[in-house]
Structures are given as C-alpha cells and as structure tokens.
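Engineer: starting from these lines, generate the structure:
(one chain, ligands or ions: 1)
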Amino acid sequence: MTSLIIAVDGPAASGKGTIARALARHYGLPHLDTGKLYRATGLAVRLASGDPHDAAAAARAARSLDPELLDDPDLMSGENAEAASIVSAHPAVRAALLETQRAFAGQPGGAVLDGRDIGTVIAPQAVAKLFVTASPGVRADRRHRELVGKYGDAAPGHATVLADIAARDARDSDRSTAPLRRADDAALLDTSELGIAAAVQQAIALVEAAILRGGQQQI
Ligand code: C5P
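Structural biologist: Sure thing, here's the model as predicted:
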C-alpha cells in the first residue's frame, strides 16, 4: 500500500496551517495541526495555575492531555501561544508528544502534519516536505488583522503582535531540542507576496514535484 506523508513546517502566521489543511483536502488525507498539542499542554499548565517554565509540571501535563482542551476557546489566544512556546522547549514535553505525532504520520495511506519539526524529527521519511515562511512584517500584519477581526478594539496593537512573533520565532529557533529549522530536503515556500489561492497552488506543485522525485513509499 502507498503512503503519502506531507510535512509542513514554518514559523507562526506563515500560512502553514492554511496550506496544510488545503493539501489534506486536495490529497484526501487526514491532517494534524501539531501546534495544538503544545497549545493544549500550555493551557493545561495554565489551568492548573502552574508555571510553563516548570519542565516537570509541563511534562506531566503533556503525558496526560485532556483531548477536550483541543477545543477550548482559549487554545488559540496570544497568552496561550506564549505558554505553548515555553512548554515546547522542554525536551520531556517533546518526548511525551512524539509518539502521538509519529502514529498519526504512520497511519495507512499517509497524512499531512504541520508544525516546527515535522520534516526534521517527527517524520524525516516524509515524501514531501515544505518549509513555509513569510517576512516577520507580513506575518504580523496577518495575525494583527485576524485579532482585530476577532476582538475589535480590544485586540493588541500591531507593534505588540510583531514583538510577540519575534519573541516566539527566537524561542522556537534557539531551543536545543527540535528547533525550528528547514530540513535539508524541504522545499521553501515564501508566502510574503502570495494570496491563499496562489500559495496553495504552489504548495501542490511542490508536493507533486516531490512525489515525482521520490515516488510514493511502498510499505
Ligand atoms: O503552530 P502554533 O503557532 O499553533 O504553535 C504554537 C507553539 O507550539 C509554537 O510557537 C511552538 O513553540 C510550538 N510548536 C512546536 N513544535 C511543533 C508545533 C508547535 O514547538 N511541531
């Protein structure tokens, strides 16, 4: 049986989630937004009034994740993104979440996963790897527009959003375990100048090229 694993990595607000969902629809594959696992871990620590810097507490939370947290309205908030980014730097948290992600990637037929370390750590065997990026300014514009749409006047200002994105980029790229980096064999997709439809079209073209190059894996 053939298995098509597509790894989509990149920094916050690069468009990787939108692209991964579109690829999953296009190829009829299941999709996992792995950021949600780290966000749920951060949220569990916050709900228990714990400190995301406390590696042991964060690892306990990751090992006993309540799936209901994945639908919590606070999951995608800015505060929780920061908690997610802090807990995700603990090696024990990454270890606790590894098997779930590998099992998802390994299901028959394949899957699309998006995150920071899919092509490098979770599924280095992926048939197609994309590293989706965009300039920090463009990413801050997108996130700011999204927050204004959601919270109106109560949304944080553009400068705050840009600073948050820069802080998260630095934390994700500088950590010692599974830092955010482009896999050597990942295709780069810069979405700074692209709308959603064009970005998705280019992503599909890159996946098609990778399939042609590598052929689908025979299990
Ligand atoms: O993708 P998203 O922005 O929802 O991820 C939230 C945080 O989770 C990121 O800032 C990153 O620190 C962490 N993360 C990670 N590895 C992944 C996915 C997300 O470290 N595979």
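
Engineer: max-length strand in the chain?
Structural biologist: strand 2-9 (DSSP state E).

Engineer: which positions in the helix or strand following that strand come out as buried?
Structural biologist: Where DSSP states H and E defines the elements, the next helix or strand beyond strand 2-9 is helix 16-27. Buried residues in helix 16-27, defined by neighbour count with 16 or more other C-beta atoms under 10 Å: Lys16, Gly17, Thr18, Ile19, Ala20, Arg21, Ala22, Leu23, Ala24, Tyr27. For glycine as for every other residue, the C-beta is placed from the backbone atoms N, C-alpha and C.

Engineer: next, the angle from helix 16-27 to strand 2-9.
Structural biologist: 160 degrees (axes from the mean of the first three to the mean of the last three C-alpha atoms, to 10 degrees).

Engineer: and the gap between the residue nearest the centre of the chain and Ala48?
Structural biologist: For the chain, the residue nearest the mean C-alpha position is Gly115 (2.4 Å; C-alpha atoms, centre = their mean). To Ala48, Gly115 is 24 Å away according to C-beta to C-beta, to the nearest Å.

Engineer: buried residues, the helix or strand where Ala61 lies. List them.
Structural biologist: Ala61 is part of helix 55-63, with elements assigned from DSSP H and E. For helix 55-63, a neighbour-count test (16+ other C-beta under 10 Å) marks Ala57, Ala58, Ala59, Arg60, Ala61, Ala62 as buried.

Engineer: do stretch 166-183 as well
Structural biologist: Arg168, Asp169, Arg171, Asp172, Arg175, Ala178, Leu180, Arg182, Ala183.

Engineer: likewise stretch 126-145?
Structural biologist: Buried residues in stretch 126-145 (16+ other C-beta under 10 Å): 126-134, 136, 138-144.

Engineer: circling back: neighbours around the closest residue to the residue nearest to the centre of the chain other than its chain neighbours, how many?
Structural biologist: Excluding its sequence neighbours, the residue lying closest to Gly115 (C-beta to C-beta, 6 or more residues apart in numbering) is Thr34, at 3.6 Å. Neighbourhood size, Thr34 [other C-beta atoms under 10 Å]: 23.

Engineer: and Phe104, by the same measure?
Structural biologist: By other C-beta under 10 Å, the residues close to Phe104 number 19.

Engineer: check which helix or strand covers it.
Structural biologist: Assigned by DSSP H and E, Phe104 falls in helix 91-105.

Engineer: out of the buried residues of stretch 166-183, which touch the ligand?
Structural biologist: With the criterion set as C-beta under 6 Å from any ligand atom, the members of those near the ligand are Arg168, Asp172.

Engineer: could I get the buried residues of stretch 166-183 as a markdown table with distance to Asp153 and pLDDT?
Structural biologist: Converted to a markdown table, the buried residues of stretch 166-183 look like this (distance: C-beta to C-beta, whole Å; pLDDT from 0 to 100):
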| residue | distance to Asp153 | pLDDT |
| --- | --- | --- |
| Arg168 | 24 | 89 |
| Asp169 | 27 | 92 |
| Arg171 | 29 | 89 |
| Asp172 | 30 | 90 |
| Arg175 | 35 | 88 |
| Ala178 | 38 | 88 |
| Leu180 | 33 | 92 |
| Arg182 | 38 | 95 |
| Ala183 | 41 | 96 |
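
Engineer: what's the mean pLDDT across the longest helix anywhere in the chain?
Structural biologist: Taking DSSP state H as the criterion, the chain has its longest helix at helix 196-214. Here helix 196-214 scores 96 as its mean pLDDT.
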